[in-house]
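Participant: give me a model of this one.
(chains A and B)
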Number of protein chains: 2
Amino acid sequence: MKIKLVLHVVALVQMFVGATMLLPLVCAWYCHEPEIVPFIQAMVLTIGVGAAVFLLTRSSEDIRVREGFGIVTLGWVAMAAFGSLPFLFSGAIPGLTDAYFETLSGFTTTGASILTEIESMPRSLLLWRSQTQWLGGMGIIVLSIAILPFLGVGGMQLFRAEVPGPTMDRLKPRISHTAGLLWAVYLLLTMLEILLLQLGGMDLLEAVNHSFTTMATGGFSTKNASIAHYQSPYIQYVIIFFMFMAGVSFSLHYRCLTGGRPGVYYRDREWVFYVTILGGATVAIYLSNLLGGQGYGEKAVRDSLFQVVSITTTTGYATADFDRWDSLSRVMLLALMFVGGCAGSTGGGMKVIRLLLILKHGKSEIKKLLHPRAIFLVKVKKIKIRPEVMLNVQGFFNLYIALFVFCTFLMAALGLDMISAASSVAATLGNIGPGLGAVGPMANFSEVPLLGKWVLNLCMLLGRLEIYTVIILFMPEVWKKY
Amino acid sequence: MKIKLVLHVVALVQMFVGATMLLPLVCAWYCHEPEIVPFIQAMVLTIGVGAAVFLLTRSSEDIRVREGFGIVTLGWVAMAAFGSLPFLFSGAIPGLTDAYFETLSGFTTTGASILTEIESMPRSLLLWRSQTQWLGGMGIIVLSIAILPFLGVGGMQLFRAEVPGPTMDRLKPRISHTAGLLWAVYLLLTMLEILLLQLGGMDLLEAVNHSFTTMATGGFSTKNASIAHYQSPYIQYVIIFFMFMAGVSFSLHYRCLTGGRPGVYYRDREWVFYVTILGGATVAIYLSNLLGGQGYGEKAVRDSLFQVVSITTTTGYATADFDRWDSLSRVMLLALMFVGGCAGSTGGGMKVIRLLLILKHGKSEIKKLLHPRAIFLVKVKKIKIRPEVMLNVQGFFNLYIALFVFCTFLMAALGLDMISAASSVAATLGNIGPGLGAVGPMANFSEVPLLGKWVLNLCMLLGRLEIYTVIILFMPEVWKKY
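Facilitator: Predicted coordinates for the structure are as follows:
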């Protein structure tokens, strides 16, 4: 690992993140909040350290695969560390663990919060909190569409062909070009949501906050009651729509916008499966709640739809305390936490395409039993999946399950009851946010023991960076001098 | 599918099962119980129907793979149907659903019971109940060592080389030869356990009952409190030892007995991993209970060891109400339900070897990230696992998880709380027996709603027959005329 090179790139990203603190700074100034000072301190420190490291590590070498892993992981860890400074300097979140948890939960677009009283927070800090998610979302789009396919993580190499922009061999020019295109789409959708929320009567700042955290499938809200605070069906439907859009691959959005053909969506097998899951789960949960006596009508349908879309896209907003729903609804929501968004979206989880592949693989295995000598290759999007790639996808699936089980052991050992332990891990590993039980939608993560918060920090990071990216850094070989 | 051929073989097995009803019949006569009549009725009906079908379906054709699946599945379904007759005729279990559940739970060596008051049952019926498990165990040994490897189910083809006896191409002669050898080992171990339990003061009938259900990793007990009834540490250790032995591949036992070298065990990677899991889980649960204030000393160690061995081998006996243990212990026991015994043992679950392969596969995937062009093949027992076989194993793993999730939905829809729903499915799919919550070790399955009992019946059957064997029968192609 060329550590200098890694630090060099991370420092560059850090300076950029530091510069974006200007937005909450302006907000603090505009709202006459005393948080102007902590924001200036945090900005100076973030950009200063970034610049120093950047200058000290000049390097013109090429980035190899292993440096790629280093940059991504260290990048997220550092962003969360420096991003937590405004919370610490202002005293809004006094503890180091809590501040780091909240900020990492932001940059990983998880949305798990340790705040017990959100509405009393200064508005500039709430904006920064939402902004960490939006920035995290930017990072994830580029990571999943332009970087991971080339690092060969968990079957993502399948999507090399889908990257918009020039296809060159070197990583650098491609990333910057692709990033520009995708961020334009991301920005456009965010602005559209801000506009539509304002039309529904939300004030500008709230609209910006919620658009930031919707498009990132983050789920931080500025209200204690999350989206349940807004009773307007219009606002809730707008948010449902944009959560849905954020869970779709941004390269599809890009192709739709440039080609002008909405057909790109329904010709995409992953998108169709994604819509099927959302539709099926909504119907099942609506019926289950209906039989459980939770009432019928538009509000009940909307509540089911909202929660299903929110959990599946791994946003984590709530319009109802789904932890009080019946057994089937809760089990289904817990299972949906594992699904996640489409590959190339800002959503977390295992990703719809992987589940689709695993399902198709199951079917081919059954066929194979009857015709042991025939060869059945799983096909998706007209591409035949070679056994090696299928094993790659399976490896990811196994690792995800193994981590879920192992971390649930840890959380249970720290004293959480079974459902809280399992759902806190599922909700952080999948970057959803709220879980069930003690970490349910109307509760928060403040009561989780200190060590547990660090376990969940690791879950958020692992889940967000597709597990392998982080785990590989624990192999001694990666650190060898070249 | 040559249905006549399938019926012919199943009828043969059925006549054999009917003939074994002689044992409880003798027991009823000896104990002066009025159940002599229902046993005679059941025997006549079972053997009579069997003989009629056998004579009407004479066939000299060869058994192909698809007939193999049909014979195995129909065999188990029919055994449970006719095996439930003594319970029905005697009126001991009046409902059809309950009687079938109890008997299928026997023949699949699950051990889930709907009986609320076991000790008041006639002794002959209890013996028959234990005997269904022992017979089921006989079936499973042959199935997993001599049949499934040749049907290519879930990676079991790996173990073709391990089958003792002559290696011919046709299925029939091999099965009967192998079956003879393995049953000798099974019988030997059962008799040894009967002897050792009697030495510990258990009366003959109890010793036979418990030896039958230990060696089958079944877990039916003749006592309401299961093995907790016997306070003697000696008896509990004897049972721990034989549960452990029953969870080891019988082809290993066979090789050890014939070769006289205990080295076959510790040179077997699966056996080593099995012992490691048992040891690790026992230590973790002991420590967790210790910190939870459950006391220390020999009794606490024994309780942890007993429960771990009982759940992992999928026996399902209990010496403690582990549902009242702390969160970590309960989560770990739930996870152990998925592990199961070694391939070729009477244990259920996913099987240790599959987990070992999946773990090794994960490691090779991480290595591959660093060397994308290199080829890493998972090796076990000096055999290189081809990607197709690894995918086969993975397919089984996926299907197991998918069934677990789907059936948990169904059980939750039927009104079970999350933990009871999930653990009832885990405990039947893995053929363990008791779960947690409403189906915990000191509770039983009598309160599960009618439909739920049929869902669990299906789980027991699917789990016991390695899933594929049953699922394949739902494919129209299998039923085509040849």
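Participant: and the helices in the stretch 301-450 of chain A?
Facilitator: Assigned by DSSP state H, counting those that start in this stretch, the stretch 301-450 of chain A shows helices spanning A:327-339, A:352-370, A:387-413, A:418-429, A:450-464.
Participant: scratch that, the stretch 101-250 of chain A is what I was asking about
Facilitator: Under DSSP H, counting those that start in this stretch, the stretch 101-250 of chain A gives helices at A:123-142, A:148-151, A:171-199, A:204-215, A:233-246, A:250-259.
Participant: ok so, going back, can you tell me which of the helices of the stretch 301-450 of chain A the model trusts least?
Facilitator: For the helices of the stretch 301-450 of chain A, mean pLDDT drops lowest on helix A:352-370, to a mean of 86.
Participant: tell me the angle of that helix relative to helix B:387-413?
Facilitator: Here helix A:352-370 runs at an angle of 110 degrees relative to helix B:387-413 (axes from the mean of the first three to the mean of the last three CA atoms, to 10 degrees).
Participant: and helix A:352-370 with chain B, contact?
Facilitator: Yes. Against chain B, helix A:352-370 shows contacts by CB under 8 Å from any CB of the partner chain at A:358, A:361-362, A:365-366, A:368-370. Glycine gets a C-beta too; all of them are placed from N, C-alpha and C.
Participant: now do that helix: which elements does it pack against?
Facilitator: Where contact means 3 or more CB pairs under 8 Å, 6 or more residues apart in numbering or on different chains; DSSP states H and E, helix A:352-370 is packed against helix A:269-291, strand A:379-380, helix A:387-413, helix B:65-83, helix B:387-413, helix B:468-471.
Participant: redo that, cut-off 10 Å
Facilitator: Applying 3 or more CB pairs under 10 Å, 6 or more residues apart in numbering or on different chains; DSSP states H and E, we find helix A:352-370 packed against helix A:269-291, helix A:327-339, strand A:379-380, helix A:387-413, helix B:65-83, helix B:387-413, helix B:468-471.
Participant: out of these, which one sits most buried?
Facilitator: Among those, the stretch with the highest mean neighbour count (mean count of other CB atoms under 10 Å in any protein chain shown) is helix A:327-339, at a mean of 24.
Participant: with only the CA atoms kept, save that helix in PDB.
Facilitator: Output of helix A:327-339 as PDB, limited to C-alpha atoms (Å, rounded to 0.1, in the frame of the first residue of the first chain):
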ATOM      1  CA  SER A 327     -45.900  -9.600  14.200                       C
ATOM      2  CA  LEU A 328     -46.000 -10.100  10.500                       C
ATOM      3  CA  SER A 329     -45.400  -6.500   9.600                       C
ATOM      4  CA  ARG A 330     -42.500  -6.300  11.900                       C
ATOM      5  CA  VAL A 331     -40.900  -9.500  10.600                       C
ATOM      6  CA  MET A 332     -41.300  -8.300   7.100                       C
ATOM      7  CA  LEU A 333     -39.800  -4.900   7.800                       C
ATOM      8  CA  LEU A 334     -36.900  -6.600   9.500                       C
ATOM      9  CA  ALA A 335     -36.400  -8.800   6.400                       C
ATOM     10  CA  LEU A 336     -36.700  -5.700   4.100                       C
ATOM     11  CA  MET A 337     -33.800  -4.200   5.900                       C
ATOM     12  CA  PHE A 338     -31.600  -6.800   4.200                       C
ATOM     13  CA  VAL A 339     -32.900  -6.000   0.700                       C
END
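Participant: is it positioned near chain B?
Facilitator: Yes. Residues of helix A:327-339 contacting chain B under CB under 10 Å from any CB of the partner chain: A:327-332, A:334-335, A:338.
Participant: farthest pair in these?
Facilitator: Across these, no pair lies farther apart than A:Ser327 and A:Phe338, at 18.0 Å, counting by CB to CB.
Participant: from B:Phe242, how far off is the spatially closest residue to A:Phe376 that is not a sequence neighbour?
Facilitator: Leaving out its chain neighbours, the residue that sits closest to A:Phe376 by CB to CB, 6 or more residues apart in numbering or on different chains is A:Ser364, at 4.0 Å. A:Ser364 sits at a distance of 41 Å from B:Phe242 (criterion: CB to CB, to the nearest Å).
Participant: do A:Leu55 as well
Facilitator: Distance, A:Leu55 to B:Phe242, using CB to CB: 71 Å.
Participant: if you count surrounding residues, which of those two has more?
Facilitator: Ranked by neighbour count (other CB atoms under 10 Å in any protein chain shown), A:Leu55 and B:Phe242 place B:Phe242 first, with 24 against 10.
Participant: my read is that that one contacts B:Leu195, right?
Facilitator: No. If you go by CB atoms under 10 Å, B:Phe242 and B:Leu195 don't touch, sitting 11.3 Å apart.
Participant: so what sits against both of these two?
Facilitator: By CB atoms under 10 Å, 6 or more residues apart in numbering or on different chains, B:Phe242 and B:Leu195 have these common neighbours: B:Ser211.
Participant: low-confidence bits of the stretch 151-300 of chain A, can you list those?
Facilitator: A:152-174 (pLDDT under 70).
Participant: could you rerun that using 90?
Facilitator: A:151-182, A:251-252, A:254-264, A:266-269, A:289-297 (pLDDT under 90).
Participant: so A:Arg302 versus chain B, what's the distance?
Facilitator: Per CB to the nearest CB, to the nearest Å, A:Arg302 is found 22 Å from chain B.
Participant: meant to ask about A:Gly348
Facilitator: 19 Å.
Participant: could you report the pLDDT at that residue?
Facilitator: At A:Gly348, pLDDT is 93.
Participant: how about it, nearest residue that isn't a chain neighbour?
Facilitator: Excluding its sequence neighbours, the residue lying closest to A:Gly348 (CB to CB, 6+ apart) is A:Asn431, at 3.0 Å.
Participant: ok, A:Ala51 next?
Facilitator: Among residues not flanking A:Ala51 along the chain, A:Met15 sits closest, at 6.1 Å (CB to CB, 6+ apart).
Participant: OK, contacts around that neighbour?
Facilitator: A:46-51, A:53-54 are the contacts of A:Met15 under CB under 10 Å, 6+ apart.
Participant: pick the one among those closest to chain B.
Facilitator: Nearest to chain B among those: A:Val53, at 26.0 Å, using CB to the nearest CB.
Participant: so A:Leu356 sits against A:Val272, correct?
Facilitator: Yes. At 9.2 Å, A:Leu356 and A:Val272 qualify as touching, with contact defined as CB under 10 Å.
Participant: of the residues of helix A:352-370 next to chain B, grab the buried ones for ChimeraX.
Facilitator: The ChimeraX selection below is limited to those of the residues of helix A:352-370 next to chain B classed as buried (16 or more other CB atoms under 10 Å in any protein chain shown):
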select /A:358,361,362,365,366,368,369
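Participant: for chain B, state which of the residues of helix A:352-370 next to chain B is nearest.
Facilitator: A:Glu365 (3.5 Å).
Participant: show me the contacts for that closest one.
Facilitator: Shown in contact with A:Glu365 (CB under 10 Å, 6+ apart): A:376, A:378, B:152-154, B:388, B:391-396, B:398-399, B:468, B:471.
Participant: and if we set it to 8 Å?
Facilitator: B:391-392, B:395-396, B:399, B:468 (CB atoms under 8 Å, 6 or more residues apart in numbering or on different chains).
Participant: what would those residues look like in JSON lines with distance to chain A?
Facilitator: Listed next are those as JSON lines, based on distance: CB to the nearest CB, whole Å:
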{"residue": "B:Leu391", "distance to chain A": "6"}
{"residue": "B:Asn392", "distance to chain A": "6"}
{"residue": "B:Gly395", "distance to chain A": "4"}
{"residue": "B:Phe396", "distance to chain A": "8"}
{"residue": "B:Leu399", "distance to chain A": "6"}
{"residue": "B:Tyr468", "distance to chain A": "6"}
